[in-house]
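1. below are the sequence and a predicted model; questions follow.
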Amino acid sequence: MDAFDYSLPWGMMAFMFSGAWVFLSLAIYAYVAFCLYTIAKKTNTENPWLAWIPIANFVLACQIAGKPWWWVFFFFIPIANVVFAILVMWKVAEARNKPGWLGILMIVPIANLVVCGIIAFAD
């Protein structure tokens, strides 16, 4: 046996190399973009359509949070990006009158999808 046999179960590998992986990734991106678009609309932020454009959606999140646009550069620095993402999402949650600690949950996989929906759609 070679080392490749131990890396991943075959079912997971088949899923990753199929079109289902691409579809799932695009569906998650569309969901998060729609949530950010909805948050921007509900907070009366200018240009909510930026939610659909990669990297520009970071600018939109900073606008919603009341942070300067140049904070986007911090999202490209390893480790610092996690800290600044939490800070921005904390303020985004507060802009929607939700508890700020929900921003911390945005770094938890799967929970971030639920939290994004809570911030966007819960009244």
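-> Here it is on my side, so go on. Here the structure is a predicted model, which means the values were calculated and not measured.
2. please report how far the residue most central in space within the chain lies from residue 96.
-> For the chain, the residue nearest the mean C-alpha position is residue 32 (5.8 Å; Cα atoms, centre = their mean). Per Cβ to Cβ, to the nearest Å, residue 32 is found 15 Å from residue 96. Placement of C-beta: from N, CA and C, glycine included.
3. got a list of what residue 113 touches?
-> By Cβ atoms under 8 Å, 6 or more residues apart in numbering, the contact set of residue 113 is 28, 31, 32.
4. within the helices and strands, which one has it?
-> Element membership for residue 113, per DSSP states H and E: helix 111-121.
5. avg pLDDT for that helix?
-> Helix 111-121 comes out with an average pLDDT of 93.
6. give me the distance from that helix to the chain's centre.
-> Relative to its parent chain, helix 111-121 has a centroid offset of 10 Å by Cα atoms, centre = their mean, to the nearest Å.
7. for stretch 14-22, same thing?
-> 21 Å.
8. quote the end-to-end distance of that stretch.
-> Separation of the first and last residues of stretch 14-22 by Cα to Cα, to the nearest Å is 12 Å.
9. also stretch 98-114?
-> End-to-end distance (Cα to Cα), stretch 98-114: 14 Å.
10. and stretch 57-73, by the same measure?
-> 13 Å.
11. could you do stretch 101-108 as well?
-> Start and end residues of stretch 101-108 are separated by 12 Å (Cα to Cα).
12. quick one: mean pLDDT for whichever strand or helix holds residue 33?
-> Taking DSSP H and E as the criterion, residue 33 maps to helix 19-42. Averaged over helix 19-42, pLDDT sits at 92.
13. I'd like the next helix or strand past it.
-> Downstream of helix 19-42 (by DSSP H and E), the next one is helix 56-65.
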